[in-house]
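**Q** This is the structure alone, sequence omitted:
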């Protein structure tokens, strides 16, 4: 089955491969307004599955969903100085509405700390109202000069959590819970990705935060993608919005807040971390279509077998799709490879004459002839195998492209192909500037064993350094 | 259990009752930018349940979810003349972004026919690409001079479907499928509402449509709320966006499109159609919390019973919440009444001493002493009873407040308390103007038996007339 490659090979030109796969797998297109995107059905179904998995984990921490307005009065955004400084170059501003010029310009939310802050301050009276754990699924706008579909778009979809706590310890513990039990667990168990966890340096930290935890994942070109971040905001926003509560002794105290987010950028990460020269490879736990049953010919011999396999898979709780379209087989197989459906069952007259069907793994391309009666079970059993195989492949790749080094020079060299790990005290703010000049950054600071540091000033922190999206 | 009323009685001041219940049940608040709203957790959980139910029905028609940009270039919106005329006074316009004035102003979407039109025209080449059935869940902005939470807000959440078809007949059939199998079915079977179906007059039709079907529901003050609409757009948008396809004979033809939407306005409709002087009454099929198990005292005798009842309900698939908070019982019961949880199980020491618990219906207030072992089953069985009882009450009320009349004068009189039905040929465009001058409108045109007319010019159409939100 020699078919011409439909994508630029990754090794030739990774950015072009990415553009090709986004277009050919019909994932998304650039919108009419520069920097925006149109998310097409298949990519949106992937996003819906991501939302469902992340949302369930967020709710399991006790947070509740809400919806805050898209529009923020310009004056509100300015109440937290560092925050406005961080975001002002990226803002889209509404100056006219209802046929008139507005008295005060309105900002389209780039993130919602300030709107949540204003209302949470009203809702919190006593320590009994704490913690207040809120989350919203929404669109946000950050004007991008160099947009890239899914990775950096002027409008993107995300969830943003905003919480308030009675103590710094409680805020820190909750931010960690989100970091580990929501983001890390989702990325590892659903997306089958090896995740670097750690904290951001002063330079890379979120505008207004006192600590930012990050989940960084290596893409197949050796660059890092930040998949989700969790911020401890200290009392900065609480102070700006007078978010006070009475403690058990009746004393008025300032709350401690957190915020945390993950976005449609994860779709880009999924593509670049698992995709190969034939297209996406979607991990089965995530996949909107886990098994596609392909009728080679839609005839009277094939149809009952296709239906029986489909029914058995569906009854077993597998997300299955039947493809009995009249288009040519090669074109259809190419489409399912591009879309990265984990397992294919191909049912054709020649195989059926021998009482078998073909069961094909998308990750390795391995194809097995399986007796008709065993096909559904074989396809279903492969799902866990493919999930682990994709995870293992990504882990091995990330490990092989990560080097332990001791100098900035070595770090820069290692960053040409992957990550470098070196002592943070060797780098420091000055070394970080030197790295940045070469488009390399400190992705995160870790404990020596790869954990999230409790103490940002500990002497033995390790900097993980690389190029990034 | 005499408690002071927490809400203005409906009979005294219905609009004030609505404001009270929105505030006291902690459903929503006005946002900082005039006309926007903050949807709080309980109301958002109601909206999430609505979304889930509507989304499943939309997907069952074969439509797929997508996401199109928030921003529309001003020039695009102007390509369909009637459409831009309909929406221009309501637009919010972004003139600055990324720290600069934009070369072309950007409109924040008031609805997305134009953006969908542009891309669907690219995706449709052949009759094999049709029908193309798309839907999105998104926020939209229509500047409101007289905003009202949930009912009319400058930003609201909705789904908007956009489809293209090879023939007018196919477009019309699909629009009807959405109207009946999605909207009517959802409003009737989930929200327990009696729905008036029909078509809009020329005056009331969607900007750019050739036919608009509507689902109208009577609120408890006798006014109508439009809950969902489905539009046949003819070839108006296809022409504006050159949405052409090759038919089976290779001829180039223009597509026929539809659009259809339902929004957070339905939350307002739910409140006003079922709510009473004690608060919301949420139909059990919709309710995010179907049964609340209230521990009168959180002590060692009560706790195991509460847990057993909770477990049994949860195992039976009931959405259950336990309330064992230390706050006073009266305050807690008031809260659950305000939130309209359909069934309460109250477990207290005095009842337990006699081996019973109290099972209370929110819709009627009826309270029954039920043996402990039978409590969960009794509560669960009540859910279907309450659902039907709310539906029946709303049906009876709507029927009793609808009068068959023969003149405009009688219609105006009937509209003071409810709806009037009269021959459309008696009203006509001139009569419609007279009604409008008195803030009364033709809600829809029906066949004599209350169906959706196939022929908008039929001689026997009935106009349903009333005041509206």
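**A** It's in. Only a predicted model underlies this, so the values are computations on that prediction, with no experimental measurement involved.
**Q** show me the contacts for whatever residue of the stretch 151-300 of chain A ends up closest to chain B.
**A** In the stretch 151-300 of chain A, the residue that lies nearest chain B is residue A:155 (5.3 Å; C-beta to the nearest C-beta). C-beta here means a position set from N, CA and C on the backbone, and glycine is covered the same way. By C-beta atoms under 8 Å, 6 or more residues apart in numbering or on different chains, residue A:155 lies in contact with A:31, A:35-37, A:139-141, B:69-71.
**Q** cool, residue A:246 as well?
**A** Contacts of residue A:246 by C-beta under 8 Å, 6+ apart are A:125-127, A:252-253.
**Q** next one: residue A:127
**A** Contacts of residue A:127 by C-beta under 8 Å, 6+ apart are A:166, A:245-248.
**Q** Wait, residue A:151 touches residue A:266, no?
**A** No: using C-beta atoms under 8 Å, residue A:151 is not in contact with residue A:266; the gap is 10.1 Å.
**Q** Looking at those two, which is more packed in?
**A** residue A:266 (26 against 21; other C-beta atoms under 10 Å in any protein chain shown).
**Q** what about the more buried one, distance to residue A:160?
**A** 14 Å (C-beta to C-beta, to the nearest Å).
**Q** Mutual contacts of the two, please.
**A** By C-beta under 8 Å, 6+ apart, no residue touches both residue A:266 and residue A:160.
**Q** quick one on the thing from earlier: make a PyMOL selection of the buried ones in the contacts of residue A:155.
**A** Selection of buried members from the contacts of residue A:155 for PyMOL, criterion 16 or more other C-beta atoms under 10 Å in any protein chain shown:
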select buried, (chain A and resi 31+35+36+37+139+140+141) or (chain B and resi 69+70+71)
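**Q** At which residues are the helices of the stretch 251-400 of chain A located?
**A** Taking DSSP state H, counting those that start in this stretch as the test, the helices found in the stretch 251-400 of chain A are A:265-274, A:302-315, A:329-339, A:349-353, A:375-400.
**Q** Show the contacting residues for residue A:44.
**A** B:64-67.
**Q** change it to 6 Å
**A** B:65-67 (C-beta atoms under 6 Å, 6 or more residues apart in numbering or on different chains).
**Q** quick one: it is in a strand?
**A** No: under DSSP: H, G, I helix; E, B strand; the rest coil, residue A:44 sits outside any strand and is assigned helix.
**Q** Quick one, grab the pLDDT at the closest residue to residue A:256 other than its chain neighbours.
**A** Nearest residue to residue A:256, sequence neighbours excluded (C-beta to C-beta, 6 or more residues apart in numbering or on different chains): residue A:171, at 3.9 Å. If you check residue A:171, the pLDDT there is 98.
**Q** just checking, what packs against the helix or strand harbouring residue A:171?
**A** Following DSSP states H and E, one finds residue A:171 within helix A:168-177. Applying 3 or more C-beta pairs under 6 Å, 6 or more residues apart in numbering or on different chains; DSSP states H and E, we find helix A:168-177 packed against strand A:224-232, strand A:256-263.
**Q** Which positions in the stretch 151-300 of chain A make contact with chain B?
**A** residue A:155 (C-beta under 6 Å from any C-beta of the partner chain).
**Q** The stretch 151-300 of chain A: strands as residue ranges?
**A** A:155-165, A:196-199, A:211-218, A:224-232, A:244-246, A:252-254, A:256-263, A:291-295 (DSSP state E, counting those that start in this stretch).
**Q** how about those in CSV, adding mean pLDDT?
**A** Formatted as CSV, these follow (pLDDT from 0 to 100):
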stretch, mean pLDDT
strand A:155-165, 98
strand A:196-199, 98
strand A:211-218, 98
strand A:224-232, 98
strand A:244-246, 98
strand A:252-254, 98
strand A:256-263, 98
strand A:291-295, 98
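**Q** Let's have those strands in JSON lines, adding distance to residue B:423.
**A** Output for the strands of the stretch 151-300 of chain A, formatted as JSON lines (distance: least, C-beta to C-beta, whole Å):
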{"stretch": "strand A:155-165", "distance to residue B:423": "49"}
{"stretch": "strand A:196-199", "distance to residue B:423": "71"}
{"stretch": "strand A:211-218", "distance to residue B:423": "66"}
{"stretch": "strand A:224-232", "distance to residue B:423": "62"}
{"stretch": "strand A:244-246", "distance to residue B:423": "63"}
{"stretch": "strand A:252-254", "distance to residue B:423": "67"}
{"stretch": "strand A:256-263", "distance to residue B:423": "56"}
{"stretch": "strand A:291-295", "distance to residue B:423": "55"}
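**Q** Nearest to residue B:239 among those strands would be which one?
**A** strand A:155-165 (28.4 Å; C-beta to C-beta).
**Q** Distance from the closest one to the middle of the chain?
**A** Counting by C-alpha atoms, centre = their mean, to the nearest Å, strand A:155-165 is centred 14 Å from the centre of its parent chain.
**Q** Residue A:64: neighbour count?
**A** Counted with other C-beta under 10 Å, residue A:64 comes out at 16.
**Q** what sits opposite it in the beta ladder?
**A** In this entry, residue A:64 is beta-bridged to residue A:134, by DSSP bridges.
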